[in-house]
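A.B. asks: Pasted the sequence and its predicted model underneath.
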Amino acid sequence: MNSITSNSILSRSLRFSLFANTRLTTNTKSHYLDFSSKRNTSTLKNVKAPRVLITGGLGQLGMAFARNLRAIYGSDNVILSDIKQPSDDVRSLGPYIYLDILNYALMEKAVEECRIDWVIHLSAVLSALGEKNPKLALDVNINGFQNILEVSKEHNLRLLTPSTMGVFSVHSGKTNTPDFAVMRPDTIYGISKIHMELMGEYYNKKYNLDFRSLRYPGIISADSQPGGGTTDYAVDIFHSAIKTNSYSCFLKKDTSLAMMYLDDCIEGTLKLLTAPEESLKQRVYNINAITFSPEELAQEIKKQWSPDFKIEYKPDFRQHIADTWPNSLDDSNARRDWNFDPKIRSTEQLVSIMLSKLNKN
Ligand SMILES: NC(=O)c1ccc[n+]([C@@H]2O[C@H](COP(=O)([O-])OP(=O)(O)OC[C@H]3O[C@@H](n4cnc5c(N)ncnc54)[C@H](O)[C@@H]3O)[C@@H](O)[C@H]2O)c1
Ligand SMILES: C[C@@H](O)[C@H](N)C(=O)O
């Protein structure tokens, strides 16, 4: 059960600067005023906020986005959506609508009726699930994205869609992989995410669509379950350690991968979402934070949780996927253009924050 709290992870000053940064290109609807002019702060309070639609919001990341965006722009301005039934808790925190991204008419109706200005498009089928059901992954990740891309173009929306380190491959380089590396992924997930990146860039160039994307490493969260990826072990291991003081890992002990704590993912994404157009030198950016292997993570859990913690390694089909992915990404462009700056930078910090959060639940 995800423990849903309404508190934002963002500091008050960061929330304010993200709000103040919420600037608009001239061709955007006038739901709210342009902050780019030299307004003094007293005018901020009586200015309308953007109305944000989150698709696929009931997965691992969606609620954290909703909580933090609502803390900045107000609950009624952030509409959560998915094809799952939300809990009463979720419904109590703000507007929720059923939205299947494969239904273009339904999506356009939602954008019009909810007077949407920005979309955070999270709906997707992730790597492991995608290899089990390639047709579903193709449908959701490609056809679904085409729908949201078209609706965003037709309605002048700002569209942010997360990409993944899964677009890289053995040809991209394993360490400090740059934004513009060779991309030849052999998973349906990686292929569909490259499609998303390239089509988003095409619509930006051809139709001036305000498309933004960032390549996440494996995201690690305490309050939400992962949705079927190859890095899910790094979340599952904590729940298993607390429950049984043991874990059976589906990757080999030395499989080093790029990882990130949820709060850094959210803060970084909101920085890109609100970055002034003129600061963006590209539309798709790598972000990076921590690198560890299952064995290194297990050793840190032994240190901070229990020296008797037991781990076994039983690699499955996800090992091949992980073997094609980088262990770290070069995110210097994200740092340069919109001040990406993760706080959790070590396995030790990650284990400490995860155990403290999970022990509270
Ligand atoms: N979590 C990570 O580690 C990670 C890393 C890299 C990139 N990303 C990206 O971030 C985004 C969110 O990831 P997540 O971990 O929350 O994913 P998730 O798998 O946990 O959730 C995806 C959501 O999409 C929804 N969905 C599926 N089909 C849909 C449809 N037809 N219409 C509407 N919604 C539909 C699902 O119901 C689910 O709630 C995805 O685009 C993913 O590729 C995530
Ligand atoms: C890395 C990311 O895209 C997701 N957690 C997956 O493993 O598929």
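C.D. replies: Perfect, I can see it now. Ligands and ions are numbered 1, 2, ... in the order given.
A.B. asks: okay, CA-based contacts and neighbour counts for the rest of this
C.D. replies: OK.
A.B. asks: what number of residues lie near Thr324?
C.D. replies: When neighbours are counted by other Cα atoms under 10 Å, Thr324 registers 23.
A.B. asks: which ones are touching it?
C.D. replies: 168-170, 185 (Cα atoms under 8 Å, 6 or more residues apart in numbering).
A.B. asks: Max pairwise distance over the residues you listed: which two?
C.D. replies: In terms of Cα to Cα, those reach their longest pairwise distance at Val170 and Pro185, which sit 8.1 Å apart.
A.B. asks: between those two, which one's more packed in?
C.D. replies: Comparing Val170 with Pro185 by other Cα under 10 Å, the one with more neighbours is Pro185, at 23 against 15.
A.B. asks: Where does the nearest residue to the more buried one once chain neighbours are set aside sit, in terms of helix or strand?
C.D. replies: Distance criterion Cα to Cα, 6 or more residues apart in numbering; nearest residue to Pro185, sequence neighbours excluded, is Ser169 at 4.9 Å. For Ser169, there is no host helix or strand (DSSP states H and E).
A.B. asks: ditto for Ser213
C.D. replies: If you go by DSSP H and E, Ser213 is part of strand 210-216.
A.B. asks: Now do that strand: which elements does it pack against?
C.D. replies: The helices and strands touching strand 210-216, judged by 3 or more Cα pairs under 8 Å, 6 or more residues apart in numbering; DSSP states H and E, are strand 158-160, strand 163-164, helix 188-207, helix 262-274, strand 284-286.
A.B. asks: Of the ones you listed, which is nearest Ser246?
C.D. replies: Among those, the nearest to Ser246 by Cα to Cα is helix 262-274 (23.5 Å).
A.B. asks: what's in contact with that closest one?
C.D. replies: Residues from elsewhere that reach helix 262-274 (Cα under 8 Å, 6+ apart): 9-10, 18-19, 21-23, 61, 64-65, 160, 212, 214, 216, 219-221, 338-344.
A.B. asks: picking up where we left off before, ok, the residue nearest to Pro185 to ligand 1 distance?
C.D. replies: Counting by Cα to the nearest ligand atom, to the nearest Å, the gap from Ser169 to ligand 1 is 15 Å.
A.B. asks: Spell out which residues belonging to the stretch 1-150 of the chain are near ligand 1, please.
C.D. replies: Within reach of ligand 1 by Cα under 6 Å from any ligand atom, the stretch 1-150 of the chain has these residues: 55-62, 82-84, 99-102, 122-126, 140.
A.B. asks: Out of those residues, list just those in helices.
C.D. replies: Gly62 (DSSP state H).
A.B. asks: the strands in the chain, which residues?
C.D. replies: All strands of the chain, identified by DSSP state E, fall at 52-55, 78-82, 96-98, 118-121, 158-160, 163-164, 210-216, 218-220, 246-249, 257-261, 284-286, 290-292, 310-313.
A.B. asks: Now mean neighbour count, mean pLDDT and distance to ligand 2 too, for those strands, in CSV please.
C.D. replies: Listed next are the strands of the chain as CSV, based on neighbours: other Cα atoms under 10 Å; pLDDT from 0 to 100; distance: least, Cα to the nearest ligand atom, whole Å:
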stretch, mean neighbour count, mean pLDDT, distance to ligand 2
strand 52-55, 26, 98, 17
strand 78-82, 25, 98, 18
strand 96-98, 19, 98, 24
strand 118-121, 24, 98, 14
strand 158-160, 24, 98, 16
strand 163-164, 23, 98, 5
strand 210-216, 24, 98, 7
strand 218-220, 25, 98, 4
strand 246-249, 19, 98, 14
strand 257-261, 26, 98, 8
strand 284-286, 25, 98, 12
strand 290-292, 21, 98, 13
strand 310-313, 16, 98, 18
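A.B. asks: hang on, the earlier thing: how far off helix 188-207 does the strand holding Ser213 point, in degrees?
C.D. replies: Comparing the axes of strand 210-216 and helix 188-207 via axes from the mean of the first three to the mean of the last three Cα atoms, to 10 degrees yields an angle of 150 degrees.
A.B. asks: re the thing from before, out of the strands of the chain, nearest to Pro276?
C.D. replies: Taking those one by one with Cα to Cα, strand 210-216 is closest: 10.8 Å.
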